[in-house]
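J.: With the input below, show me the fold.
(4 chains)
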Protein chains: 4
Amino acid sequence: MASMTLEKLNDDVREFCEARDWTQFHTPKDLAIGLSTESNELLEHFRFKDEQDQEELLKDSEKRTEIEDELADVLFFLLRFADLNDVDLESALETKLETNRERYPKDEYQASNRKYNE
Amino acid sequence: MASMTLEKLNDDVREFCEARDWTQFHTPKDLAIGLSTESNELLEHFRFKDEQDQEELLKDSEKRTEIEDELADVLFFLLRFADLNDVDLESALETKLETNRERYPKDEYQASNRKYNE
Amino acid sequence: MASMTLEKLNDDVREFCEARDWTQFHTPKDLAIGLSTESNELLEHFRFKDEQDQEELLKDSEKRTEIEDELADVLFFLLRFADLNDVDLESALETKLETNRERYPKDEYQASNRKYNE
Amino acid sequence: MASMTLEKLNDDVREFCEARDWTQFHTPKDLAIGLSTESNELLEHFRFKDEQDQEELLKDSEKRTEIEDELADVLFFLLRFADLNDVDLESALETKLETNRERYPKDEYQASNRKYNE
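T.: Below is the predicted model:
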């Protein structure tokens, strides 16, 4: 992971969209649809695949490129949603980690896959 | 959007997960499920809502906090997937933008909501 | 909508899967992934589309065929999940409608897009 | 699986929606969002769960009720989409099975989790 800030990535996404006058299509609902549909294009690669299959997929260079492409699409819609709706993603993530540190005390949830509310 | 790098955010997510010994659950399939389910918790807020409803949701401070929380969850799983599978998200996004600059020439797709392959 | 029972449709889906020895891949998790990914292939058709665009899509015979195909895939995974996990879909739906008749009293929710817990 | 036709289930869903004057909210896009969000509420139950965990979930009567409830929601939106957009689900599924019988010849895809286009 390199040293680029989210701000720089965000500027590139914004410039791409504004150059095409696409902001008019970027309602919160449609950007959330973007996140869901691109996440599912990623997920589709792993359907019916066991752990060994998954590892092999990620070693296949053509498949890996497709997978990286889906992840880029997710990041695109995430940055776009945040930018158009004044969400500070960094702050949101730090806040969420703080919440989860309390919800999931280290000792109680050590090597556990339970949800905090289960 | 502040000046934090993805690398710093990624380190915080990794530390949180490793302190709980959760890496064993973080298969590519399960992290992709994480992206899909969290994206859909975001999307659910906008179901049946018209544009004015969507604007009002984002002005309501309680709803806005929930929405920011879902976006943080998406970023969490995105960083986690990338970290565990050696994906450079910045490079992936820059590559995708380059592809899309070619797929969507500015003049041809000005103010257009068509897909390049439609 | 014709007069075929869910039981007959279910038998056809089961025969198709068993003839290929695919039951081994049909874990609850993977069938739920099937529902999510196919729902999102449907959803993708409507991304960035306003109501008039949506109507036009459904009038275009090629697009309509694609949309019907996605709906069939959703039904396939729904029947398969129910069959392999002994879920009576009809009874589940009737139970849910009964719950929702109580959650959403006709007068209070007339022409309302609020959720019962909002 | 009982002997009720899709037509009868569809009539019950339609009556429930029309009694509340909700058809105005049921655009193709919003019904597809319904399918995606409800499929993901189902999927969320299985996140980070291995096969034994999944089996146990389906044996737990409280969890099973939640899972059946999510499946009912998926069927609700599937019937609603089909009804409002004149899609014959039975015919769509039989057509899809016919396509897949050709795409996945029994011998070639016996016990195989490959996609036809991989």
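
J.: ok, now which ones touch residue A:63?
T.: Going by Cβ atoms under 8 Å, 6 or more residues apart in numbering or on different chains, residue A:63 touches A:45, A:57. For the C-beta atoms, the positions are set from N, CA and C on the backbone; glycine is no exception.

J.: Just give me the longest helix of chain A.
T.: In chain A, assigned by DSSP state H, the helix with the most residues is helix A:61-84.

J.: Provide the contact partners of the helix or strand following that one at residue level.
T.: Next along the chain after helix A:61-84, taking DSSP states H and E as the criterion, comes helix A:89-103. Contact with helix A:89-103 is made by A:6, A:78-79, A:82, A:116, B:1-2, B:4, B:9, B:12-13, B:16, B:68-69, B:71-73, B:75-76, as judged by Cβ under 8 Å, 6+ apart.

J.: Report the buried members of the residues you listed.
T.: A:6, A:78-79, A:82, B:1, B:4, B:9, B:12-13, B:16, B:68-69, B:71-73, B:75-76 (16 or more other Cβ atoms under 10 Å in any protein chain shown).

J.: Please tell me I have it right and residue A:113 contacts residue B:27.
T.: No: counting by Cβ atoms under 8 Å, residue A:113 stays clear of residue B:27, with 11.4 Å between them.

J.: which one of these two has more residues nearby?
T.: Taking neighbours as other Cβ atoms under 10 Å in any protein chain shown, residue A:113 and residue B:27 compare with residue B:27 leading, 20 against 15.

J.: I'd assumed residue A:51 was in contact with that one.
T.: Yes: applying Cβ under 8 Å, one finds residue B:27 in contact with residue A:51, separated by 5.9 Å.

J.: buried sites along stretch A:77-90?
T.: A:77-85, A:87-90.

J.: tell me the average confidence for it?
T.: Confidence for stretch A:77-90, expressed as mean pLDDT, is 97.

J.: Quick check: end-to-end length of that stretch?
T.: This stretch, stretch A:77-90, spans 15 Å end to end (Cα to Cα, to the nearest Å).

J.: next one: it to chain centre, how far?
T.: Centroid separation for stretch A:77-90 versus its chain: 12 Å, with Cα atoms, centre = their mean, to the nearest Å.

J.: Likewise for stretch A:22-39?
T.: Stretch A:22-39 has its C-alpha centroid displaced from the chain centroid by 13 Å (Cα atoms, centre = their mean).

J.: Pull the number of nearby residues for residue A:117.
T.: Residues within reach of residue A:117, counting by other Cβ under 10 Å, total 5.

J.: what sits against it?
T.: Taking Cβ under 8 Å, 6+ apart, we find residue A:117 in contact with no residue.

J.: does the residue in chain A that chain C sits nearest to count as helix, strand or coil?
T.: Using Cβ to the nearest Cβ, the closest approach of chain A to chain C is made by residue A:40 at 3.6 Å. Of the three states, residue A:40 takes helix under DSSP: H, G, I helix; E, B strand; the rest coil.

J.: Was I right to think it contacts residue C:34?
T.: No: look at residue A:40 against residue C:34 with Cβ under 8 Å: they stay out of range, at 10.7 Å.

J.: which residue of chain A sits farthest from its center?
T.: The outermost residue of chain A relative to its centre, with distances by Cα atoms, centre = their mean, is residue A:107 at 28.2 Å.

J.: part of a strand, is that residue?
T.: No: per three-state DSSP, residue A:107 lies outside any strand segment and is coil.

J.: gap between it and residue B:20?
T.: 9 Å (Cβ to Cβ, to the nearest Å).

J.: same question, residue A:89
T.: Residue A:89 is 23 Å from residue B:20, by Cβ to Cβ.

J.: Do the helix or strand where residue A:14 lies and chain C come into contact?
T.: Element membership for residue A:14 (DSSP H and E) is helix A:6-19. No: applying Cβ under 8 Å from any Cβ of the partner chain, one finds helix A:6-19 separated from chain C by no less than 11.7 Å.

J.: which secondary structure elements does that helix contact?
T.: helix A:61-84, helix B:6-19, helix B:89-103 (3 or more Cβ pairs under 8 Å, 6 or more residues apart in numbering or on different chains; DSSP states H and E).

J.: angle of the last one against helix B:61-84?
T.: Same thing as helix B:89-103. When axes from the mean of the first three to the mean of the last three Cα atoms, to 10 degrees is applied, the directions of helix B:89-103 and helix B:61-84 differ by 100 degrees.

J.: And helix B:89-103, what's buried?
T.: Quick answer for helix B:89-103 (16+ other Cβ under 10 Å): B:89, B:90, B:92, B:93, B:94, B:96, B:97, B:100.

J.: Determine how far it lies from the middle of the whole chain.
T.: 16 Å.

J.: Quote the end-to-end distance of stretch A:38-57.
T.: First residue to last in stretch A:38-57 (Cα to Cα) measures 18 Å.

J.: What are the contacting residues of that stretch?
T.: With contacts defined as Cβ under 8 Å, 6+ apart, stretch A:38-57 is touched by A:63-64, A:66-67, A:70-71, A:73-74, A:76-77, B:27-29, B:32-33, B:35-36, B:39, B:74, C:25, C:30, C:33-34, C:36-37, C:39-41, D:36, D:113.

J.: likewise stretch A:16-35?
T.: By Cβ under 8 Å, 6+ apart, the list of residues contacting stretch A:16-35 reads A:73-74, A:76-78, A:80-81, A:84-85, B:35, B:39, B:42-43, B:45-46, B:49, B:51, B:54, B:57-58, B:74, B:97, B:100-101, B:104, B:106, B:109-113, C:43-44, C:46-48, D:29, D:33.

J.: Give me the distance from it to the chain's centre.
T.: Relative to the centre of its chain, stretch A:16-35 is centred 16 Å away, using Cα atoms, centre = their mean.

J.: Low-confidence stretches in chain A?
T.: A:1-3 (pLDDT under 70).
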